[in-house]
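*Asks:* Predicted model and sequence follow; I will ask about them next.
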Amino acid sequence: MLHKTFIFLAFCAFSFGTFAQDAYLNAESEDTDKTYQGEEPYKVKMYTQKFKAEKPKNIIFLIGDGMGVSQVFAGITANQGKLFIENCRHIGFSKTQSASDYITDSAAGGTALSCGVKTYNGAIGVDADTVKVKSILEEAEDQGLATGLVSTSAITHATPASFIAHQSSRNMYEEIAADFLNTDVDVFIGGGLSHFIARKDGRNLVNELKEKGYTVENDINKIAKIKKGKLAGLTAQVHNPRMNERGDMLPVATETALNILDDNDKGFFLMVEGSQIDWGGHASSTVYIVEDMLDFDQTVGEAIKFAAKDGETLVLVTADHETGGMALTGGDMTTGMVKAAYPTTSHTAVMVPVFAYGPGAEEFIGIMENTDVHDKMKKLLLGK
């Protein structure tokens with residue numbers, strides 16, 4: 001009887017996980033007038049522009065999913081005139097079109113950034129012919145660098161998955177989770193626990209991760225105390241919740257990952273995704289976008305603080321695409337009020353900004369393909 005109950009609960013978890021994975025696409029805006037009213041701003045520090053080397057030993061690659069210029073300026077307005085991202089003096093733009101569509105999805109957009117190939121919408125770490133392509137994270141592993149992934153979504157979701165998995169469809173969540181066992185990634189923190197334990201094939205990937213030497217933890221407060229070794233932080237059954245519930249999960253997870261990865265004398269590659277800027281765009285919610293834009297910027301602040309002290313770290317900030325066609329129709333720099341309008345609840349085709357800080361930052365000026373971002377990172381970090 002107990003065995004049957006477990007099977008039933010596992011099936012329910014699987015069914016719920018599959019539904020919950022994409023529930024954000026149908027989210028509705030709670031701010032019906034599309035206005036963020038403004039809150040107390042956080043202080044922004046401007047850091048040194050002097051570095052120890054011409055090329056980076058480490059790269060921190062931050063992806064604001066769905067973040068276009070309007071989302072960035074909404075954040076600047078909401079924080080009353082200043083963001084940490086303004087430390088990045090070298091700025092360019094990325095064209096986001098995929099091999100199959102004028103408007104990319106996060107899978108093809110993520111794969112272009114991670115693997116340097118244009119592919120079809122829905123593809124994870126494979127080219128347009130479904131042939132596996134190594135990501136920059138995997139190539140960094142091959143050269144002995146430490147590697148990490150952090151996300152506010154499920155770690156099996158399209159953007160983080162594109163750095164570590166190779167599947168023909170972004171919806172193959174269990175197969176993507178299994179791909180984590182095929183790598184030596186040092187740290188990954190995000191949601192997606194159900195894809196590791198409530199599986200159709202009966203595998204318990206958490207146990208397999210432990211057998212490979214990972215500390216597996218679900219509580220972000222406990223995760224924050226881990227300073228060394230391999231870490232799998234699975235902080236939600238599927239996606240992490242919104243800001244009012246998850247708090248400072250993203251900057252804390254990023255700081256934790258940096259503490260661990262910095263132990264490697266050869267250097268590291270870390271990808272951090274602020275996933276839910278995109279979800280606010282799908283919901284046409286100015287409040288949602290601004291909350292997550294500010295959370296993402298404070299995470300950028302953690303990265304730049306580390307890079308400024310280290311002197312050998314390149315920080316890159318970009319997006320896989322823009323979401324919602326966000327148009328700023330009103331605002332107030334003194335109160336932080338932001339008002340916006342949205343022509344779509346889907347992605348758009350516009351170029352997205354690329355911000356760079358640290359050794360090699362000058363390479364990221366001008367208009368480039370999203371695959372160029374990958375190629376420039378790879379040349380700077382791995383020399384190829």
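*Replies:* Alright, I've got the coordinates. Numbers count the residues shown, from 1 in each chain.

*Asks:* Going by C-alpha atoms from here, please, whenever you check contacts or count neighbours.
*Replies:* Fine.

*Asks:* what number of residues lie near the nearest residue to Lys132 once chain neighbours are set aside?
*Replies:* Residue nearest to Lys132 in three dimensions, not counting chain neighbours: Val126, with 4.4 Å by C-alpha to C-alpha, 6 or more residues apart in numbering. Using other C-alpha atoms under 10 Å, Val126 is surrounded by 28 other residues.

*Asks:* Is it correct that Val126 is in contact with Arg170?
*Replies:* No - contact between Val126 and Arg170 fails when scored by C-alpha atoms under 8 Å: they sit 10.8 Å apart.

*Asks:* Show me where the stretch 151-300 of the chain dips below the pLDDT cut-off.
*Replies:* Residue ranges of the stretch 151-300 of the chain with pLDDT under 70: none are present.

*Asks:* do the stretch 1-150 of the chain as well
*Replies:* 1-20.

*Asks:* Swap in 80 and give it another go.
*Replies:* Across the stretch 1-150 of the chain, residues meeting the criterion (pLDDT under 80) sit at 1-21, 23-29.

*Asks:* which residues in it form strands?
*Replies:* Here the stretch 1-150 of the chain has its strands, by DSSP state E, counting those that start in this stretch, at 35-36, 58-64, 90-95, 146-154.

*Asks:* buried set for the longest one?
*Replies:* When you say that, I think you mean strand 146-154. By 16 or more other C-alpha atoms under 10 Å, the buried positions in strand 146-154 come out as Ala146, Thr147, Gly148, Leu149, Val150, Ser151, Thr152, Ser153, Ala154.

*Asks:* Stretch 41-52 too?
*Replies:* Pro41, Val44, Met46, Tyr47, Phe51.

*Asks:* neighbours around Ile85, how many?
*Replies:* There are 23 residues near Ile85, going by other C-alpha under 10 Å.

*Asks:* Spatially central residue in the protein, please.
*Replies:* Centroid check for the chain by C-alpha atoms, centre = their mean gives Glu273 as the closest residue, at 1.2 Å.

*Asks:* so who does that residue touch?
*Replies:* Glu273 sits next to Leu62, Ile63, Gly64, Asp65, Val150, Ser151, Thr152, Thr159, Pro160 when contact means C-alpha atoms under 8 Å, 6 or more residues apart in numbering.

*Asks:* Please identify which of the residues you listed is nearest to Asp265.
*Replies:* Lowest distance from Asp265 to the contacts of Glu273 (C-alpha to C-alpha) belongs to Val150, with 21.1 Å.

*Asks:* Look up how far Lys52 lies from that closest one.
*Replies:* Taking C-alpha to C-alpha, to the nearest Å as the measure, Val150 falls 27 Å from Lys52.

*Asks:* ok, now Ile367?
*Replies:* Ile367 sits 27 Å away from Lys52, going by C-alpha to C-alpha.

*Asks:* do the same with Ile76
*Replies:* Counting by C-alpha to C-alpha - Ile76 and Lys52 are separated by 30 Å.

*Asks:* Show me how far the longest helix belonging to the chain is from its chain's centre.
*Replies:* Counting residues, the longest helix found in the chain (DSSP state H) is helix 286-310. Here the centre of helix 286-310 is set off from its chain's centre by 12 Å, with C-alpha atoms, centre = their mean, to the nearest Å.

*Asks:* can you state the direction angle for that helix and strand 146-154?
*Replies:* 170 degrees (axes from the mean of the first three to the mean of the last three C-alpha atoms, to 10 degrees).

*Asks:* surely Glu362 meets His90?
*Replies:* Yes - contact criterion C-alpha under 8 Å: Glu362 and His90 qualify, at 5.9 Å.

*Asks:* what about these two, which has more around it?
*Replies:* The neighbour comparison of Glu362 against His90 (other C-alpha under 10 Å) goes to His90, with 19 against 14.

*Asks:* so what's the closest residue to Asp263 other than its chain neighbours up against?
*Replies:* Spatial nearest neighbour of Asp263, chain neighbours left out: Lys228 (7.7 Å); criterion: C-alpha to C-alpha, 6+ apart. With contacts defined as C-alpha under 8 Å, 6+ apart, Lys228 is in contact with Asn259, Ile260, Asp263.
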